[in-house]
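Enquirer: Fold the following.
(chains A and B)
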Amino acid sequence: MNDADVKTLEIDGHQISARRGQTILEVARENNIDIPTLCHLDGLSEVGACRLCLVEIKGSNKLQPACVTAVFESMSVITDSDRLNRHRRTILELLFAERNHICSVCVANGHCELQTLAQQQGVTHIRFPYRYPELPVDASHERFTADHNRCILCTRCVRVCAEVEGAHVWDVSGRGINSLVITDLNQDWGSSSCTRCGKCVQVCPTGALFDKSKIGSGHPKYPDFLVNLNLMREAR
Amino acid sequence: MSQEITIGAQSQTGPDGKSQTIVIDPVTRLEGHGKITIRLDYNGEVQDAHFHVTQVRGFERFAEGRPFYEMPSLMARICGICPVSHLIASARACEAVMSVRIPHAAALLRRMLNLAQMIQSHALSFFYLSSPDLLLGMDSDPATRHIFGVAAARPELGRAGIGLRRFGQHIIELLGKKRIHPGWVVPGGVTEPLTVARRDEILAMIPEAYANITLALDGYKQVADTFREEIAVFANFPSHFMSLINEDESIEFTVGALRLIDEQGGIVEDGILASRFTEVIGEAVEPYSYTKFAYYKPLGYPEGTYRVGPLARLNIARSMGTTLADRELVEFKQLARGPVHGSFHYHHARLIEILYGIERIEHLLNDPLILDKHVRATAGVNRLEGSGQAEAPRGTLNHHYKVDENGLITWANLVIATGQNNTAMNKGVLQTARHYVKDGRFTEGILNRVEAVVRAFDPCLSCSSHAVGQMPLALTLLSPDGEVVDRLVR
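Expert: Numbers count the residues shown, from 1 in each chain, chains lettered A, B, ... in the order given. Okay, here's the model as predicted:
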């Protein structure tokens, strides 16, 4: 590694060195600096969709998503400020207002990344009017259910199915607020080309994709398998 | 020329300009929001009286489109007092859709959970809501007529009540991890078996529970005789009764089939499984209440109205199936020849059921099969319609669902105990008001008696639990020209 491959930077006042091409998020996490994320998942490509990982970079008035912003020499990053927290809370509140998230009767209650983040960010009320959209529930699959009421369009399911399982059953239809994740060409999940591997269920951060047999017993998800799977594949 | 009396925040004008209306709003020490109106004629005699449930919930509607396996935990949200009854009736309806029989241990565990809930709910009804009337007196000072007043005047009984409620709630928590809305009951059984440590923890609580219920039964029997006048007019009339019963004619809360008896105790219908419920029972709607009025179809409405709950269960059961409760049942049956018709005796029946619940829980815990690890059956949709029933503390509960091929609910109907007791409560309010309100005159104690009739049924209105204590209740007597003549604030 030559000198040009090493970048030195500052995150929240800590002097840190990083490798060229690393993202702010990677470097921060390597140094135990927490930045909240939702669409990011170790082992999947980045889409920078949720904007929860926005950080301040000295010299720029624009906030940047840490998951897709590469580090550069002498960079100075702030991951925690009133301004950032205000934005993060707003993003979470908008997610809650957009669809029908009823934690008390959700299969993911207690194991939901959206719920956990809202608690961490101190969200106690939603300041925006709820949209209460009428959204479908796809229970056609033998083992799993897709409840669009709880989907936050992070596209983890789309990426894991395409990038890791190689099936690319999931994709996104529609635009903007009308977007929905779909299976195949908008067929029922049960009659799609799904391989029934269940990876999408494990990476889904909310109760949108769930295992029917887990109703009532708590539904912790184990997205860590991705990192191990990728390691094993690389070793081969 | 009209005279209007309002209690609470609302005021109401007599539609004919002559009559006088007494409004009790809200009715206190009930689970949920209700209101009573009493219409007096020009001579001050009670013309009519109604008990209104003033809120709508909409559970049947918003269940549509949801997966059937979500129903138990979703439907249980109806009520913070009796979520377990809804869990069980709902899970049984789902099991009809799945066409499965649940494992033996799951059936034992559910039975125990349901009994624990019955104990805590009855303790709430008897001690927190009704014992202030029973132990302190119907006319006692409303400022202290609450559970804290009971705890001050009769500390041993106050403690017994709190202890029995804790007993039931703690069992629910040990089994289902949560005191309220445990998600443990699922279609096909329960999610987790019982551990030895938890079984022993429950067993250790049983001696104290026995001591508490003995105190309560003795305390009740000492005062019951002083309420002869109330017993005679608190919804005391012949009616049909309905409840679950076992094949050996002993009391049942969780499985079994329904039996309907007439006013003399003769069996009118027997072996009513949940799937036959709608053949036998219909529901009528009245404009003044959000709660429906259930009736026995062959007799029609309102002739076919019947009562459910502790009084019905004890009238129908030939035995309790446990030693101590059976002894109490014999004494209870001596209150009348044939079925006991006085609704005041709901209180007595409730205490006997608590005793039965403790005994049954002890039996269940001593059954080694209760620790079996097979507690959940799995299946998909095997039928497009299913019903389930159970005895809630306050009476028979029926859940009825229709699903599509994927198991999404297309239609749901719930028949709750309060709807089945609705006509009897309304008749009881009228009977009591007619007896006590004379010449347009009444006292706070008289209005409290009108409320106490409803409390005897322990209706579940909303049904969510409310804080104990003072609810704003004001009574204003207005003169014909609208002038305030008298005002009474509780």
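
Enquirer: where exactly do the helices run in the stretch 251-400 of chain B?
Expert: Here the stretch 251-400 of chain B has its helices, by DSSP state H, counting those that start in this stretch, at B:277-280, B:310-316, B:323-333, B:346-365.

Enquirer: quick one, which of those helices is packed in tightest?
Expert: Of all the helices of the stretch 251-400 of chain B, helix B:310-316 carries the top mean neighbour count, a mean of 27, counting by mean count of other C-beta atoms under 10 Å in any protein chain shown. For the C-beta atoms, the positions are set from N, CA and C on the backbone; glycine is no exception.

Enquirer: Count the residues that sit near residue B:83.
Expert: Look at residue B:83: counted by other C-beta atoms under 10 Å in any protein chain shown, it has 29 neighbours.

Enquirer: do the same with residue A:65
Expert: Neighbours of residue A:65 using other C-beta under 10 Å come to 23.

Enquirer: Now it. Nearest residue, chain neighbours left out?
Expert: With sequence-adjacent residues excluded and distances taken as C-beta to C-beta, 6 or more residues apart in numbering or on different chains, residue A:65 is closest to residue A:48, at 4.5 Å.

Enquirer: Give me every residue in the stretch 1-150 of chain B that's in contact range of chain A.
Expert: B:65-67, B:69-70, B:72-74, B:77 (C-beta under 8 Å from any C-beta of the partner chain).

Enquirer: If we go by neighbour counts, what in stretch A:6-18 is buried?
Expert: Neighbour counts over stretch A:6-18 (16 or more other C-beta atoms under 10 Å in any protein chain shown) mark A:7, A:9, A:11-12, A:16, A:18 as buried.

Enquirer: how far does the helix or strand encompassing residue B:214 sit from the chain's center?
Expert: If you go by DSSP states H and E, residue B:214 is part of helix B:196-224. From the chain centre to the centre of helix B:196-224 is a distance of 21 Å (C-alpha atoms, centre = their mean, to the nearest Å).

Enquirer: Now the helix or strand following that helix: buried residues?
Expert: Note on helix B:196-224: by DSSP H and E, the next helix or strand toward the C-terminus is helix B:228-233. Neighbour counts over helix B:228-233 (16+ other C-beta under 10 Å) mark B:230-231, B:233 as buried.

Enquirer: cool, stretch A:185-194 as well?
Expert: A:189-190, A:192, A:194.

Enquirer: Which ones among those residues map onto strands?
Expert: Assigned to strands by DSSP state E, none of the buried residues of stretch A:185-194 qualify.

Enquirer: List the beta-bridge partners for residue B:342.
Expert: Under the criterion DSSP bridges, residue B:342 forms beta bridges with residue B:236.

Enquirer: which residues sit in contact with it?
Expert: For residue B:342, the contact set (C-beta atoms under 8 Å, 6 or more residues apart in numbering or on different chains) comprises B:231-232, B:234-236, B:335-336.

Enquirer: any chance of the residues you listed in a markdown table, with pLDDT too?
Expert: A markdown table is the format used below for the contacts of residue B:342 (pLDDT from 0 to 100):
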| residue | pLDDT |
| --- | --- |
| B:231 | 96 |
| B:232 | 96 |
| B:234 | 96 |
| B:235 | 96 |
| B:236 | 97 |
| B:335 | 96 |
| B:336 | 95 |
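
Enquirer: can you redo those as a markdown table with distance to residue B:321?
Expert: Shown next, in a markdown table, are the contacts of residue B:342 (distance: C-beta to C-beta, whole Å):
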| residue | distance to residue B:321 |
| --- | --- |
| B:231 | 28 |
| B:232 | 32 |
| B:234 | 29 |
| B:235 | 28 |
| B:236 | 28 |
| B:335 | 20 |
| B:336 | 22 |
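
Enquirer: Among the buried residues of helix B:228-233, which one sits closest to chain A?
Expert: residue B:230 (40.5 Å; C-beta to the nearest C-beta).

Enquirer: how near is the residue nearest to that closest one when sequence neighbours are not counted to residue B:225?
Expert: Taking C-beta to C-beta, 6+ apart, and ignoring the residues beside it in sequence, residue B:230 has residue B:344 as its nearest neighbour in space, at 5.7 Å. Separation of residue B:344 from residue B:225 (C-beta to C-beta, to the nearest Å): 12 Å.

Enquirer: which of these two has more neighbours?
Expert: residue B:344 (23 against 8).

Enquirer: you'd agree that one is up against residue B:234?
Expert: Yes: counting by C-beta atoms under 8 Å, residue B:344 does reach residue B:234; the two are 4.3 Å apart.

Enquirer: and for these two, which residues touch both?
Expert: residue B:456.

Enquirer: rewinding a little: now render the helices of the stretch 251-400 of chain B as TSV, adding distance to chain A.
Expert: Listed next are the helices of the stretch 251-400 of chain B as TSV, based on distance: least, C-beta to the nearest C-beta, whole Å:
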stretch	distance to chain A
helix B:277-280	25
helix B:310-316	29
helix B:323-333	32
helix B:346-365	21
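
Enquirer: would you list these in JSON lines and tack on distance to residue B:22 and mean pLDDT?
Expert: JSON lines is the format used below for the helices of the stretch 251-400 of chain B (distance: least, C-beta to C-beta, whole Å; pLDDT from 0 to 100):
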{"stretch": "helix B:277-280", "distance to residue B:22": "37", "mean pLDDT": "95"}
{"stretch": "helix B:310-316", "distance to residue B:22": "27", "mean pLDDT": "98"}
{"stretch": "helix B:323-333", "distance to residue B:22": "34", "mean pLDDT": "98"}
{"stretch": "helix B:346-365", "distance to residue B:22": "24", "mean pLDDT": "98"}
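
Enquirer: For the ones you listed, give me JSON lines that also has distance to residue B:41.
Expert: JSON lines is the format used below for the helices of the stretch 251-400 of chain B (distance: least, C-beta to C-beta, whole Å):
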{"stretch": "helix B:277-280", "distance to residue B:41": "38"}
{"stretch": "helix B:310-316", "distance to residue B:41": "32"}
{"stretch": "helix B:323-333", "distance to residue B:41": "39"}
{"stretch": "helix B:346-365", "distance to residue B:41": "31"}
